[in-house]
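K.L.:
Curious how this folds, go ahead:
(one chain, ligands or ions: 1)
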Amino acid sequence: MNEPKFKAHAFTCPHCGVLATMHWVSIKKDFSEDFKSEEAAISVCFNCNKPALWVNKELVYPDYKDVAPHKDMPEPAAKTFREAQSILTRSPRGSCMLLRLCLEQLLTWLGYDQKTLASKISEVSKRNTQIESLLNVCRFAGNEFVHAGTLDSLDKSGLDPKGTAESLSTLINSAVEILITQPKIIADLNNRFSKH
Ligand SMILES: [Zn+2]
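P.N.:
Numbers count the residues shown, from 1 in each chain. As a prediction, this is how the structure comes out:
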């Protein structure tokens, strides 16, 4: 993950989440004292072709969320996770739905081939009791947004889609840590010590 930087040649695009070369477009006119043209610009991503706006050398559009997928998160879950981050600010509800999908892809990758997400989770929980509530809260939060009647009712629901999407991102990374990283470390250690 290369954080967006003013006038940098390449960085992780806040739209598509891909590390891409950026094309910089200067702004020629000084509009006021506090809008200096040399500190403002538009960067355009070579991968998705979408623009980002910079003022005072700061990225002001779109919002950039630096939640990278856990390093052990497998594809295609990681791809979905990055996509969820890229729309988190503009569409937190969409982001929550993608994070729910990400969780489903993660469990499928781990070999849980049950039909529904709920039955996958109950299968994981048989082997790992700690994780049950963590996974279920991801599923419930995602469901809220998938099944909500109208976007309007959701806006008034006080469910805080943006906060929810941010929390879900953190929780899914924790799930990768528990389900993939820790067993890997334990297996490595077992291998190392069983040889002696
Ligand atoms: Zn892009």
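K.L.:
What lies in contact with stretch 15-35?
P.N.:
1-2, 7-13, 36-37, 40-48, 50-52, 55-56, 62, 82-83, 85-86 (Cβ atoms under 8 Å, 6 or more residues apart in numbering). For glycine as for every other residue, the C-beta is placed from the backbone atoms N, C-alpha and C.
K.L.:
List the ones among those that fall in helices.
P.N.:
Members of those lying in helices (criterion: DSSP state H): Arg82, Glu83, Gln85, Ser86.
K.L.:
and which of these is nearest to the ion?
P.N.:
Nearest to the ion among those is Ser86, at 8.1 Å by Cβ to the ion.
K.L.:
what's the neighbour count on that closest one?
P.N.:
Neighbourhood size, Ser86 [other Cβ atoms under 10 Å]: 24.
K.L.:
Could you find which two of the ones in helices among the contacts of stretch 15-35 are furthest from each other?
P.N.:
The widest separation within these, taken as Cβ to Cβ, falls between Glu83 and Gln85 and amounts to 7.3 Å.
K.L.:
Between the two, point out the one with more neighbours.
P.N.:
Gln85 (25 against 19).
K.L.:
isn't the more buried one right up against Ser95?
P.N.:
Yes: the criterion here is Cβ atoms under 8 Å, and Gln85 meets it with Ser95 at 7.5 Å.
K.L.:
Identify the residues contacting the residue most central in space within the chain.
P.N.:
Central residue of the chain (Cα atoms, centre = their mean): Gln85, 3.4 Å from the mean position. By Cβ under 8 Å, 6+ apart, the residues touching Gln85 are Gly17, Lys65, Val67, Ala68, Ser95, Ser169.
K.L.:
separation between it and Cys96?
P.N.:
For Gln85, the distance to Cys96 equals 12 Å [Cβ to Cβ, to the nearest Å].
K.L.:
Then Arg139?
P.N.:
According to Cβ to Cβ, Arg139 stands 11 Å off from Cys96.
K.L.:
quick revisit: just give me the least confident of the contacts of Gln85.
P.N.:
Within those, Lys65 has the lowest pLDDT, namely 62.
K.L.:
Buried residues in stretch 107-126, which are they?
P.N.:
Of the residues in stretch 107-126, Leu107, Thr108, Trp109, Leu110, Tyr112, Leu117, Lys120, Ile121, Glu123, Val124, Ser125 count as buried by neighbour count, 16 or more other Cβ atoms under 10 Å.
K.L.:
Which of these fall in helices?
P.N.:
Leu107, Thr108, Trp109, Leu117, Lys120, Ile121, Glu123, Val124, Ser125.
K.L.:
Thank you kindly, that will do.
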